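[1] Predicted model follows, preceded by the sequence.
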Amino acid sequence: MPLYPLYVVLFAASGLTGGQISALFVIWSVTGLVTEIPTGALADRFSRRAALIAAGVLKAAGYALWTVLPGFAGFAAGFVLWGLSGSLVSGSLEALVYEGLADAGVPQRYPTVVGRITAVGLLAQVPSAVAATVLYADGGFRLAGWVSVGCCLASSLLATRLPRPPRTTDDDDDDGYFATLRAGVRETVKQPTVRIAVLALAAVGGIDALEEYFPLLGQSWSVPTGLIPLAVLGIPLAGAGGAAIAGRLAALRPNALAGLLGGMAALLAAAAVLHVAAGIALVAAGYALYRAVLVVVDTRCQERITGTARATVTSVAAVGTELACFLVYGAWALGQAFAVAVLIGLIAVAVSLLR
């Protein structure tokens, strides 16, 4: 999306303060928190593919609001739509992939496939950054916004081509939705191995909230506004590399995963202390480590889910991720990148204690 590498800068250019920008991220997270589990159960009960289609339409509407009403109210409403969109994707995509591979008899390929999906998604930021630079120079934030709306609608169109795995629930059961919702929550709460995996995924997943601040890092480290999309481009590229090799790291023990997260924390702290544009390279290296760990932790979670409400259980983990995001937002408000690095170090310690 061309608007993605520019939207935080759009907020700042529209006169929003750092506190207001963090407040928007909180609105985004609260929306996900409220809608995550209900939408996961909807995907399990009815159609995961339909959930992905609807997600693109809602995100397009959110970008349209940002383009038409560039102020705190418009940005807040757009984040509500984006939050709902993200809830529809979260859980649905992982369940669709895992059960599709299981149906094909190769569930062990999940970390490799998801790693590649993640890598492709991150690599898509390359043309997005280039397009953002060109569109901003030609038509400013407005042109980048409308092109992003079109991209979201195109993603919904492509989602209509995804295969639909065989249904495992009775479509004629009027109580099917609520039964699915209860089953997913029950498995998360009562199965210790699932509960631990969900907690780990939530804690590690929340770290990705740092991504929202990458453009601000470039801005605070003296990168010109028009060049910020290109300057931070190396971060998602490095993340794509980390995700792509995650399949080879699937057997790593918790201590090893914690060590990789600790490496990310150290690199981010060093970049914060240097406070120069070159520090973006350190952030990119840390992000590569993080993305590899995230895919492995997600795999451990999917392997431990045994019921039919897979998207619902994954959505419960996503609720935990949203809560963990609040920690990142708060850390940023207190001490920006260095405080976030300390938080990541604490999460690494917690991961090392998991068994």
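    It's in.
[2] now the spatially closest residue to residue 3 that is not a sequence neighbour: how far from residue 155?
    Nearest residue to residue 3, sequence neighbours excluded (Cβ to Cβ, 6 or more residues apart in numbering): residue 148, at 3.9 Å. Heads up, the C-betas are built off the backbone N, CA and C, glycines and all. Per Cβ to Cβ, to the nearest Å, residue 148 is found 11 Å from residue 155.
[3] who's more crowded, those two?
    For residue 148 versus residue 155, neighbours defined as other Cβ atoms under 10 Å are more numerous around residue 148 (27 against 17).
[4] quick revisit: which ones are touching the residue nearest to residue 3?
    For residue 148, the contact set (Cβ atoms under 8 Å, 6 or more residues apart in numbering) comprises 1, 2, 3, 4, 60, 63.
[5] Apart from its neighbours in sequence, what residue is nearest the fifth one?
    If I follow you right, that is residue 60. Per Cβ to Cβ, 6+ apart, closest to residue 60 is residue 152, 3.6 Å.
[6] and stretch 117-136, which residues are buried?
    Within stretch 117-136, the residues that qualify as buried are 118, 119, 122, 123, 125, 128, 129, 131, 132, 133, 135, 136, counting by 16 or more other Cβ atoms under 10 Å.
[7] Could I get the residues you listed in a markdown table, plus columns for pLDDT?
    A markdown table is the format used below for the buried residues of stretch 117-136 (pLDDT from 0 to 100):
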| residue | pLDDT |
| --- | --- |
| 118 | 89 |
| 119 | 91 |
| 122 | 84 |
| 123 | 87 |
| 125 | 75 |
| 128 | 81 |
| 129 | 77 |
| 131 | 87 |
| 132 | 85 |
| 133 | 83 |
| 135 | 89 |
| 136 | 87 |
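[8] from those residues, which is closest to residue 16?
    Closest to residue 16 out of the buried residues of stretch 117-136 is residue 136 (18.0 Å), distances taken as Cβ to Cβ.
[9] Next one: that closest one from residue 323, what distance?
    Distance, residue 136 to residue 323, by Cβ to Cβ: 34 Å.
[10] picking up where we left off before, wait, the residue nearest to residue 60 sits on residue 64?
    No. Residue 152 lies out of contact with residue 64 (Cβ atoms under 8 Å); the separation is 9.2 Å.
[11] which ones are touching the spatially closest residue to residue 4 that is not a sequence neighbour?
    Leaving aside its sequence neighbours, residue 4 sits nearest to residue 128 (Cβ to Cβ, 6+ apart; 5.9 Å). If you count contacts by Cβ under 8 Å, 6+ apart, residue 128 has them with 1, 2, 4, 5, 229.
[12] rerun at 7 Å
    Taking Cβ atoms under 7 Å, 6 or more residues apart in numbering, we find residue 128 in contact with 1, 2, 4, 5.
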